[in-house]
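In: One predicted model, sequence on top.
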Amino acid sequence: MNVGAVEMLESRQDFIATKGKQKNQIKCDADSIAGCVSQRACVYCGARVVLNPVTDAIHLVHGPIGCASYTWDIRGSLSSGSELYRNSFCTDLKEQDVIFGGGKKLTAAIDELVAKYSPSLLFVYSTCIVGVIGDDLDAICKSATSRHGVEVLPVQSSGFIGNKAAGYRAACDTLLQLIEPTKQIWSKKAGSINYLGDFNLAGEAWIIEEYLREIGIELNVVFTGDSTYAKIKTAPQASLNIMQCAGSMNYLATKMEELYEIPYIRVSFLGLEDTADSLRRIAAALDNVSAAAKAELLISREIAKTKPVIDWYRGKFAGKKAAIYVGGGFKAISLIKQFREIGVEVVMVGTQTGRQEEYDTINELVDEGTVILDDANPAELERFMVSKGANLLVGGVKERPLAYKLGIAFIDHNHDRKHPLSGYVGAINFAEEVYSTLCSPVWNSIRKGDD
Amino acid sequence: MLDCTPKEMKPRLSGGLINPAKTCQPIGAMYAALGIHRCLPHSHGSQGCCSYHRMHLTRHFRDPVMATTSSFTEGSSVFGGGANLKTAIKNIFQVYSPDVIAIHTTCLSETIGDDIPSLIQSAEIPEGKLVIHTNTPSYQGSHITGFSNMTKSMVKYLAQASTTVKKDQVNIIPGFVNPGDMREIKRLLKAMNIESILFPDTSGVVDSPMTGEFNMYPAGGTTIEQLKDTGNSKLTIALGRFASSDAAELLSSKCKVPALALKTPIGIKASDAFLMALRGSFAQEVPAEIEEERGQLVDIMTDTHFHFHGKRVAIFGDPDIVTGLTEFVLSLGMAPVHILTGTPGGAIGSAVGSFEEDINGMLLEANLTANVKAGGDLFTLHQWIKNQPVDLLIGTTYGKYIARAEDIPFVRAGFPVLDRSVHSYMPLVGYRGAMRLIEMISGALLDRADRDAADEDFELVM
C-alpha cells in the first residue's frame, strides 16, 4: 500500500502523537478497535508467556487445540533443569464437551498427566470457550489438588476478558496463589533478592544472576525465567524484589510488598547506562556497602571491555535511524537509551500495551518530531517508518517480514531473539545484531525505482 | 533432556492431547482466504486468535500476513459479537479497502452463536465490495477442516453457472499446500495447454517478491471473476480429499460441474494420475517437456533406489500430504512403519473417507503393515518410534524434538515449518517436487551415513 493511500481511522488518531506537535496525552490501555489489523494478543497469551518459563510445571491448556498449538515452546526461555514446560498439553475440547461441559474431560486429563509425569505443579489455563461454557476451573483444580497432593492451579485467562495485560495479571494471581499457601513463617534471608520480569530468554537471567553473585548478592528466585515449583515457594524469604518487565510484574511486586513486606525497585539491564545504574541501585536498596564497592569494580571492568566495541559500532551507525515497536513500555524506554548509546536516532516508538506513565517517560526521552503510537497496525507502522526514514525496526515476529518488505533492517526483541540482550554482553550482542542487519550487503540487491 | 516421553505405552482415555499434530480450524480458513485476490481475512473472535494465526503463518511463510479481528470483549461475549462485526466491516472497508472480506468464526463466536449471514446482510458494504464467511468452530476437525470450509464458502458465495455450455477449462483445488506447490500445478497446466482456475491460490500473496514497498494486497490470489467463473468449468479436480473435496462436491451440486477427487500429486504415481486425468478430460497430449521431466524422475529413482530400499520411515502431518508422501516412499522401496495425522480421520459415510483405510490399503498392496492413526498426537508417534525405531522421520517442524531425542534423520515437509526457510517457495508436487523430495530424503540419509561412518568406512562416492 502506498503511503498516504491509507486513510487513517479518526478513532485511531488519539492513539498516535508526535513529540513537540501536541500537548495532549496519548491514549493507551484501551481495547483495540474492531476491524483493525492489531498486532496485539489476548489474555491467555499474556498469562501463558508469564508462566511458561516455570520449567517443572505441566502447562495444561483447557480448550480447543489452537491455543495449545500456537504456544508450544515458543518463548525461547531456557531451563537449567526440567524441560517439561516445553511440551504441549491440551484437553482438546470437542463439540460434545462444549455442549455438555468440559469439566469431566479436564479432570480425566489432569489425572492422566499426574500419573504419567508426577509433576510438582500443574497450571490449568482457561481459554475463551471455557469462560463461556462455564466449567468451574477453581473447583476442579482444588479437588485435583487434594486428590493427588500435587498443586493444580487455575489460570483465569479466557481470551475475551481483556487484553494481554489482563493476562499478565491473571498469571500473577496464580503465582500469588502458588506462594501463599505456605503458612510457615519465612525467616527473611538478609540480602537475598527476587528478580521479577525476566523470562531467561536466551539465558538472560543467568547473566544477571552471575553479576549479582559477583557483587555478593544472592538471587533467590527469578519470576519466572528458569524457575521451579520449589524455588517459587521460597519467594517470601527475599528482602528485596527487583523488577525488570514492569508491564507483566508490577502487580505481583505490589502484592508481594503488601503481603510479605518485600519492597521493590525497578531495574533494567538493557544497555550500559541502565545496567550500571541498576546494579548501583540494588546495592543501595540493600544498604550493602560491600556490594556497592564490588559493583563499581564490575562496572568499570565491564565498561572498559565493552565501551571500545560499542564505540567501533557507533562509528558504523552514523546517520542511521531506528523505529521501535515492542510489547511493553518499559522495554521501549530501555531501547531508546540503548540506541542512544550506539549512536542511532530513534524516530518512531510504539508499544502494544504501554501504560500512561511509560508513554510520559518516552515522550521526555525522545527527540522532537519522534512519532509515538499505541497499539499500531501494520499500515501505521509502514507509514511512519517510511515517512521518518527509518533504517531499522525493532519488533516481534509479525513485524519482521513487514520491515523486510520495505527494505528496512530488523531485530527481534521478543520471543524469537537468538542472543541474550541483557547486561554488558547483551549490549555488545545488541550492537552486533544491529550491525549485522543494518549493514548487511543484502540491502544493496534491492532494485530501487526512480530514486 | 528435552525428551519427556516414556517408552511404556499406557492407555490414554482422557481424550487430551500431548504435543499436537494439528491446530485449529480458523488458521486454515485464514490461509485459504489469503488465496483470494485483494481479500482481507477477518477473524470473528478475541484478538488473540487473529494474532496467533498471523504469527504462525508469518513464521511458516516469512511474509507479512494481514488479517483483521472483531476484538471481542467481555461485553461481546455476553451480548453477542454482532456490533463488533458490523463496526469491523465498516472500518475495514474504510481503512484497508479490500475487494473482499472473508470472515471466519472462532470457538468463542461459535459458542455464543452469532448468526454471521444475517449480520453480513445488515452491515454497511460499499458498492462493488463483497463479504463472505465460513463457520470454523475450533472444537471440530483441524486447520485442514478450516481450509476446506473456507474454500467451500468461496463456491457457496461466488460460483455461478452462467453459461449454457461449460467452458473448456478445469477448476483445480490445490488443498493446504505451499505457494511453491500452487505455482508448480499452474506450470503443469500451462504446459498441458489447459485453461484453468486454481483456487485458492496463495502464490504471489505469501511468497511475494521484495520490491521495497509493502503491499497489503500483493499481486497474487484467485480473482472474484475467476471464482464466479468456476461454475462454468467442465471439470473440478480436488487435490487432496480432506482439504478440497467438499468444495468440489458443492460445485458439482450447485453448478453441475463434475468433480474428480485425486490425491495431492506428491510422488510419481499421484502426479501420473493428475496428468492422466487432465489428458483424459481435455484431450491434450502430455507435452515433451513434462514427459522428459517424468523420465528424469524415473532416472533419479533408479539411480538412487539402493539408498532407500527397506528403510524404515515414520511420516506425520496433514492427511492429504501424508497420504501422498506415504505413496511416494512406498514407490521408492521404503517401509513406512508409523503413519499419523492429527486431523480426525473422517467418519464412516463422510465425503472425505477414512485416512486410516486409505493408508492401510496402500500398505496392503505393498505387503506391509504399520501403525496408522488419524486424530493422533506426537506423544503417540514418539512412543511408537521408541518401541519400533525408524531410519527416517518426515513431518513438520514439531518433529524435531523426536528426531533429536531418538537421533533420527529428519526431513521437513508440510505445515508448519518454522525453523527453515525457502521451503514454501519450492514444490513437493509434480515430478519436480518428487525430485526435490528424493534430494531431501537421500540427503538426510546420506548425511547421517557420513556422520556415523568410521574413518575406514567413510566414502567419497556414495
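Out: Sure thing, it's come through.

In: switch to C-alpha atoms for all contacts and neighbour counts from now on
Out: Noted.

In: For the closest residue to residue B:436 other than its chain neighbours, list the residues it contacts.
Out: Once flanking residues are discounted, residue B:436 sits nearest to residue B:428: 6.8 Å by C-alpha to C-alpha, 6 or more residues apart in numbering or on different chains. Applying C-alpha atoms under 8 Å, 6 or more residues apart in numbering or on different chains, we find residue B:428 in contact with B:181, B:266, B:434, B:436-437.

In: and which of those is nearest to chain A?
Out: Lowest distance from chain A to the contacts of residue B:428 (C-alpha to the nearest C-alpha) belongs to residue B:181, with 21.4 Å.

In: where's the closest one, which helix or strand?
Out: Assigned by DSSP states H and E, residue B:181 belongs to helix B:179-191.

In: now do residue A:197
Out: strand A:192-198.

In: The next helix or strand after that strand packs against which elements?
Out: Scanning forward in sequence from strand A:192-198 by DSSP H and E, the next helix or strand is helix A:204-214. With contacts defined as 3 or more C-alpha pairs under 8 Å, 6 or more residues apart in numbering or on different chains; DSSP states H and E, the packing partners of helix A:204-214 are strand A:218-224, helix A:289-316.

In: Quick check: which of the ones you listed has the most neighbours on average?
Out: Mean neighbour count (mean count of other C-alpha atoms under 10 Å in any protein chain shown) peaks for strand A:218-224 among the helices and strands packed on helix A:204-214, with a mean of 24.

In: mind saving the C-alpha coords of that one as CSV?
Out: Presented in CSV, the C-alpha positions along strand A:218-224 are these (Å, rounded to 0.1, in the frame of the first residue of the first chain):
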residue,chain,number,x,y,z
GLU,A,218,22.2,-13.9,46.4
LEU,A,219,19.4,-14.3,43.8
ASN,A,220,16.6,-16.2,45.5
VAL,A,221,14.2,-16.8,42.6
VAL,A,222,13.5,-15.3,39.2
PHE,A,223,9.9,-14.7,38.1
THR,A,224,9.7,-16.6,36.0
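
In: average model confidence for it?
Out: For strand A:218-224, the mean per-residue pLDDT is 96.

In: Tell me which helix or strand comes right after that strand.
Out: Sequence-wise, the next helix or strand downstream of strand A:218-224 (DSSP H and E) is helix A:229-233.

In: now what about that next one, what contacts it?
Out: A:54, A:56-57, A:120-121, A:178-179, A:182, A:220-223.

In: and the closest residue to residue A:288 other than its chain neighbours, how many neighbours does it have?
Out: Nearest-residue entry for residue A:288: residue A:191, 7.9 Å, with adjacent residues in sequence omitted and distances by C-alpha to C-alpha, 6+ apart. Neighbourhood size, residue A:191 [other C-alpha atoms under 10 Å in any protein chain shown]: 19.

In: Give me the pLDDT for residue A:191.
Out: 90.

In: what's the answer for residue A:401, then?
Out: pLDDT, residue A:401: 89.

In: Point out where the stretch 1-150 of chain B drops to low pLDDT.
Out: B:1 (pLDDT under 70).

In: ok, and for the helix or strand containing residue B:84, which residues are buried?
Out: Using DSSP H and E, residue B:84 falls within helix B:82-95. By 16 or more other C-alpha atoms under 10 Å in any protein chain shown, the buried positions in helix B:82-95 come out as B:82, B:84-95.

In: who's in contact with stretch B:278-297?
Out: For stretch B:278-297, the external contacting residues (C-alpha under 8 Å, 6+ apart) are B:168, B:188, B:191-194, B:268, B:275, B:431-432, B:434-435.

In: same thing but 6 Å
Out: B:192, B:431, B:435 (C-alpha atoms under 6 Å, 6 or more residues apart in numbering or on different chains).

In: how far is that stretch from where the chain is centred?
Out: Centre-to-centre, stretch B:278-297 and its host chain are 25 Å apart (C-alpha atoms, centre = their mean, to the nearest Å).

In: before we move on, what about stretch A:413-425?
Out: Taking C-alpha atoms, centre = their mean, one finds stretch A:413-425 lying 12 Å from the centre of the chain it belongs to.

In: before we move on, what about stretch A:45-64?
Out: 14 Å.

In: Dump it to PDB, keeping only the CA atoms.
Out: The C-alpha trace of stretch A:45-64 is given here as PDB (Å, rounded to 0.1, in the frame of the first residue of the first chain):
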ATOM      1  CA  CYS A  45      -1.300 -15.100  25.600                       C
ATOM      2  CA  GLY A  46      -0.300 -12.700  28.300                       C
ATOM      3  CA  ALA A  47      -0.800 -15.300  31.100                       C
ATOM      4  CA  ARG A  48       1.000 -18.000  29.100                       C
ATOM      5  CA  VAL A  49       4.100 -16.000  28.400                       C
ATOM      6  CA  VAL A  50       4.500 -15.100  32.000                       C
ATOM      7  CA  LEU A  51       4.000 -18.600  33.400                       C
ATOM      8  CA  ASN A  52       5.500 -20.600  30.600                       C
ATOM      9  CA  PRO A  53       9.100 -20.400  31.900                       C
ATOM     10  CA  VAL A  54       8.200 -22.300  35.100                       C
ATOM     11  CA  THR A  55      10.200 -25.300  34.000                       C
ATOM     12  CA  ASP A  56       8.900 -28.200  36.000                       C
ATOM     13  CA  ALA A  57       5.200 -27.400  35.600                       C
ATOM     14  CA  ILE A  58       2.800 -29.000  33.300                       C
ATOM     15  CA  HIS A  59       1.100 -26.200  31.400                       C
ATOM     16  CA  LEU A  60      -2.300 -27.700  30.500                       C
ATOM     17  CA  VAL A  61      -4.500 -25.700  28.200                       C
ATOM     18  CA  HIS A  62      -8.200 -26.300  28.800                       C
ATOM     19  CA  GLY A  63      -9.800 -25.600  25.400                       C
ATOM     20  CA  PRO A  64      -9.700 -26.500  21.800                       C
END
